[in-house]
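Colleague: coordinates only, no sequence provided:
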């Protein structure tokens, strides 16, 4: 019975594949490509810019702090592989004014050519209990983490569609795959990026433009950029075994790049859900234990 069910499942997936072909996009050749990195003056953004520059790309760094941008430019230029490469720095807040962002992208394209890849790294985080976070911080995080990716993407998308080529990367977070204690202001902004990416990928796929959502853990290392060099064109980009499990568990209606990816999600879903239940139980236990300890401490303080 189980073998019959498995055979039926495989046959169904193969039929689906034949009816609606899933063509894996070719990786973008970074040699000579124009890559724009927002939030590129530090952290993951700077690491990605360095890795792209090592492969011969022309880089536009976009961030607010001009002094940090200039410092990042010096660091990146050390990794040039030819004397033609350029690192352009533009200081702007990508979350405030779309017209300003649009003008910045036009300036970059006038100097370095059409944008081949946009990496949206601009973002910020805050941790705290829901009722203790200033209400203004919720709107500010949504501006930076969500609109800060919408505006640059909107500014490059028309040219990418006209050229029938392009890559857009949204750097989300594992906190954008599941809600975590203390991240009521942060997690929703990263969840929003996935919804944007799914809808946008459906629109632009016929134009050979591909969208990727990266889900890094709490990390800031060149290893993240190195691992993602092999994931161009994939919709989901995860880091590590936990990240892989989360990507499978939360795949839902997300696009898949290859039939192998889809089959892996189908096969592993049950096992990963079982593991996730243990994780959730552990999280609940930790929260409950901390709450009880705090209440006990408060009672002791009142007694004293």
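Modeller: Cool, the structure landed. Just so you know, these numbers come straight off a predicted model, no measurement behind them.

Colleague: alpha carbons only for contacts and neighbour counts from here, please
Modeller: OK.

Colleague: ramachandran angles for residue 136?
Modeller: phi -70, psi -30 (degrees, to the nearest 10).

Colleague: pLDDT score for it?
Modeller: Predicted confidence (pLDDT) for residue 136: 94.

Colleague: gap between it and residue 39?
Modeller: Separation of residue 136 from residue 39 (Cα to Cα, to the nearest Å): 22 Å.

Colleague: as a check, name the ranges of all strands in the stretch 151-300 of the chain.
Modeller: 166-171, 209-215, 236-238 (DSSP state E, counting those that start in this stretch).

Colleague: go on, the stretch 1-150 of the chain?
Modeller: Under DSSP E, counting those that start in this stretch, the stretch 1-150 of the chain gives strands at 34-38, 58-63, 87-91, 117-120.

Colleague: packing partners for the shortest one?
Modeller: Right, the one you point to is strand 117-120. strand 34-38, helix 148-163, strand 166-171 (3 or more Cα pairs under 8 Å, 6 or more residues apart in numbering; DSSP states H and E).

Colleague: mind putting these into a markdown table with mean neighbour count?
Modeller: Output for the helices and strands packed on strand 117-120, formatted as a markdown table (neighbours: other Cα atoms under 10 Å):
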| stretch | mean neighbour count |
| --- | --- |
| strand 34-38 | 27 |
| helix 148-163 | 19 |
| strand 166-171 | 25 |
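
Colleague: find me the pLDDT at the residue most central in space within the chain, would you?
Modeller: In the chain, the centroid-proximal residue (Cα atoms, centre = their mean) is residue 171; its distance is 2.2 Å. Model confidence at residue 171, given as pLDDT, is 94.

Colleague: next one: residue 217
Modeller: We have a pLDDT of 79 for residue 217.

Colleague: excluding chain neighbours, what is closest to it?
Modeller: residue 174 (5.5 Å; Cα to Cα, 6 or more residues apart in numbering).

Colleague: same check on residue 189?
Modeller: Using Cα to Cα, 6+ apart, the nearest residue to residue 189 is residue 142, at 5.4 Å.

Colleague: one step back: now render the helices and strands packed on strand 117-120 as a markdown table, adding distance to residue 110.
Modeller: As requested, the helices and strands packed on strand 117-120 are exported to a markdown table (distance: least, Cα to Cα, whole Å):
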| stretch | distance to residue 110 |
| --- | --- |
| strand 34-38 | 11 |
| helix 148-163 | 13 |
| strand 166-171 | 17 |
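
Colleague: and of these, who's closest to residue 257?
Modeller: The closest of the helices and strands packed on strand 117-120 to residue 257 is strand 166-171. By Cα to Cα, the value is 13.8 Å.

Colleague: just send the strands of the stretch 1-150 of the chain back as TSV, with distance to residue 274 too.
Modeller: Formatted as TSV, those follow (distance: least, Cα to Cα, whole Å):
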stretch	distance to residue 274
strand 34-38	38
strand 58-63	42
strand 87-91	47
strand 117-120	33
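
Colleague: any chance of a markdown table for those strands, columns mean pLDDT and distance to residue 104?
Modeller: Below are those laid out as a markdown table (pLDDT from 0 to 100; distance: least, Cα to Cα, whole Å):
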| stretch | mean pLDDT | distance to residue 104 |
| --- | --- | --- |
| strand 34-38 | 97 | 11 |
| strand 58-63 | 96 | 9 |
| strand 87-91 | 95 | 7 |
| strand 117-120 | 97 | 13 |
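
Colleague: ok, what's across the strand from the residue nearest to the centre of the chain?
Modeller: residue 214 (DSSP bridges).

Colleague: follow-up on the earlier one: do you know which of the strands of the stretch 151-300 of the chain lies nearest residue 94?
Modeller: Per Cα to Cα, nearest to residue 94 of the strands of the stretch 151-300 of the chain: strand 166-171, 13.9 Å.

Colleague: quick one, that closest one and strand 209-215 angle?
Modeller: 20 degrees (axes from the mean of the first three to the mean of the last three Cα atoms, to 10 degrees).

Colleague: now do residue 97: how many residues are near it, please.
Modeller: 13 (other Cα atoms under 10 Å).

Colleague: what's the pLDDT at residue 140?
Modeller: Taking residue 140 on its own, its pLDDT is 95.

Colleague: residue 230 now?
Modeller: Reading off the model, residue 230 has pLDDT 43.

Colleague: ok, back up a step: tell me who's in contact with the residue nearest to the centre of the chain.
Modeller: Contacts of residue 171 were listed using Cα atoms under 8 Å, 6 or more residues apart in numbering, and they are 119-121, 213-216.

Colleague: from the residues you listed, pick the one nearest residue 274.
Modeller: Nearest to residue 274 among the contacts of residue 171, with distances taken as Cα to Cα, is residue 215, at 21.4 Å.
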